[in-house]
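Engineer: My questions are about this predicted structure, shown below with the sequence.
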Amino acid sequence: MKKLILLIICLPLFTLGQQTINASINHGGITRDYILYVPNSYVTGNQVPLVFNFHGYTSNATQQMWYGDFRAIADTAGFIIVHPEGTLDNSGVTHWNVGWGGSTVNDINFTSTLIDSIASEYSINLDRVYSTGMSNGGFMSYQLACELSDRIAAIASVTGSMNPGWFNSCNPSHPMPVMEIHGTADPTVLYTTVPNIIDFWRGINNCNNTPVLTNMPDINIIDGCTAEHQIWENGDNGATVEHYKIIGGEHSWPGAPFPNGVTNQDINAAEKIWEFFNKYDINGLILPTNIKNITAEKSAKLIKIVDVLGRVTIPKPNTPLFYIYKDGTVKKRILIK
């Protein structure tokens, strides 16, 4: 396997006040480092989401914190970000063990242990733990979706992929919302791997066969690429599969502050990923407050929402929909907006 992302850059060595915390835990006899970003809005006792942001092969936590930067978004949205640091592989470079090169480090268990460690110090909503990452970090996110799905609500990969063997072994415990952002001219992780990934998760989530396509505005006409948004809707528990196809884009994070090959500037990957994550918890689509109030009536549990043709769907404004509850109740609702 080729080395996936090499960011050779000079980064500032300062942190952003008390919000950025360099920490470590011992796991498997190894000291594992990570960088935690806690927004100023954080208040002990108020549970907040946790976002894992995994770096690429040969990169590190500091580089990923700056390259795939969620901090300004966290300041507004109020979630905590953890940037874990990989260990050295047999070639002496940082990596996440996703089955390459004979690595024996258990990064799945490390991630689970890190969730517990952070949750012991901060008020974390354990139903809202998400994973994203660049390249090798994207592979890691897919591996978590397969092997730690009971703790991960949704994942997003940027220029990552899945190992061929995972398609047979992956068995998530719940429908898994998945986003893939990938350049069609990626020379490192070839775009030809993406359709199989989309088909796999579309099937796992029982989404529509045909996506809704949106051409993103070509805001930056000199970045050498354009973006297309594809979304497969109506999955179980409201789960979707989404794909930003960066036409002409290379092995890079869209919206990054410094280029790494042809880098799309029409979208900001971090913003799109958080918009995606923010729709879900581990039980599926987070229903709007007005729908939650409806489902609370008679303490009935909502099983699914269907349209007039009986197709499973998600809440949509100005559309007649049927809400089917565990107690056998069926209610027709129209949300007027």
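Structural biologist: Perfect, thanks for sending it.
Engineer: from what I can see, residue 143 looks like it's in a helix, true?
Structural biologist: Yes. Applying DSSP: H, G, I helix; E, B strand; the rest coil, one finds residue 143 inside a helix.
Engineer: Model confidence at it, what's the number?
Structural biologist: Per-residue confidence (pLDDT) for residue 143: 98.
Engineer: and what of the one 4 residues further on?
Structural biologist: pLDDT, residue 147: 98.
Engineer: what's the closest non-adjacent residue to it?
Structural biologist: Nearest residue to residue 147, sequence neighbours excluded (Cβ to Cβ, 6 or more residues apart in numbering): residue 108, at 5.0 Å. From N, CA and C alone the C-beta is placed, and that goes for glycine too.
Engineer: which helix in this protein runs the most residues?
Structural biologist: helix 107-121 (DSSP state H).
Engineer: So for that one, what gets flagged as buried?
Structural biologist: 107, 108, 110, 111, 112, 113, 114, 115, 117, 118 (16 or more other Cβ atoms under 10 Å).
Engineer: Redo these as JSON lines? Include pLDDT and distance to residue 318.
Structural biologist: Formatted as JSON lines, the buried residues of helix 107-121 follow (pLDDT from 0 to 100; distance: Cβ to Cβ, whole Å):
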{"residue": "107", "pLDDT": "98", "distance to residue 318": "46"}
{"residue": "108", "pLDDT": "98", "distance to residue 318": "44"}
{"residue": "110", "pLDDT": "98", "distance to residue 318": "47"}
{"residue": "111", "pLDDT": "98", "distance to residue 318": "41"}
{"residue": "112", "pLDDT": "98", "distance to residue 318": "43"}
{"residue": "113", "pLDDT": "98", "distance to residue 318": "47"}
{"residue": "114", "pLDDT": "98", "distance to residue 318": "43"}
{"residue": "115", "pLDDT": "98", "distance to residue 318": "40"}
{"residue": "117", "pLDDT": "98", "distance to residue 318": "46"}
{"residue": "118", "pLDDT": "98", "distance to residue 318": "41"}
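Engineer: what's the closest of the residues you listed to residue 47?
Structural biologist: residue 118 (12.3 Å; Cβ to Cβ).
Engineer: ok now do that closest one, which residues does it touch?
Structural biologist: 36, 50, 80, 82, 124 (Cβ atoms under 8 Å, 6 or more residues apart in numbering).
Engineer: Could you export those residues as JSON lines, including distance to residue 267 and secondary structure?
Structural biologist: As requested, the contacts of residue 118 are arranged in JSON lines below (distance: Cβ to Cβ, whole Å; DSSP: H, G, I helix; E, B strand; the rest coil):
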{"residue": "36", "distance to residue 267": "27", "secondary structure": "strand"}
{"residue": "50", "distance to residue 267": "24", "secondary structure": "strand"}
{"residue": "80", "distance to residue 267": "24", "secondary structure": "strand"}
{"residue": "82", "distance to residue 267": "24", "secondary structure": "strand"}
{"residue": "124", "distance to residue 267": "28", "secondary structure": "strand"}
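Engineer: Which of the buried residues of helix 107-121 sits closest to residue 248?
Structural biologist: residue 107 (32.5 Å).
Engineer: which SSE is the residue lying closest to the closest one once chain neighbours are set aside in?
Structural biologist: Among residues not flanking residue 107 along the chain, residue 97 sits closest, at 4.8 Å (Cβ to Cβ, 6+ apart). Residue 97 belongs to no helix or strand when assigned by DSSP states H and E.
Engineer: Quick check, residue 107 in contact with residue 96.
Structural biologist: Yes. Judged on Cβ atoms under 8 Å, residue 107 makes contact with residue 96 at a distance of 5.2 Å.
Engineer: which residues do the two both contact?
Structural biologist: 86, 140, 143.
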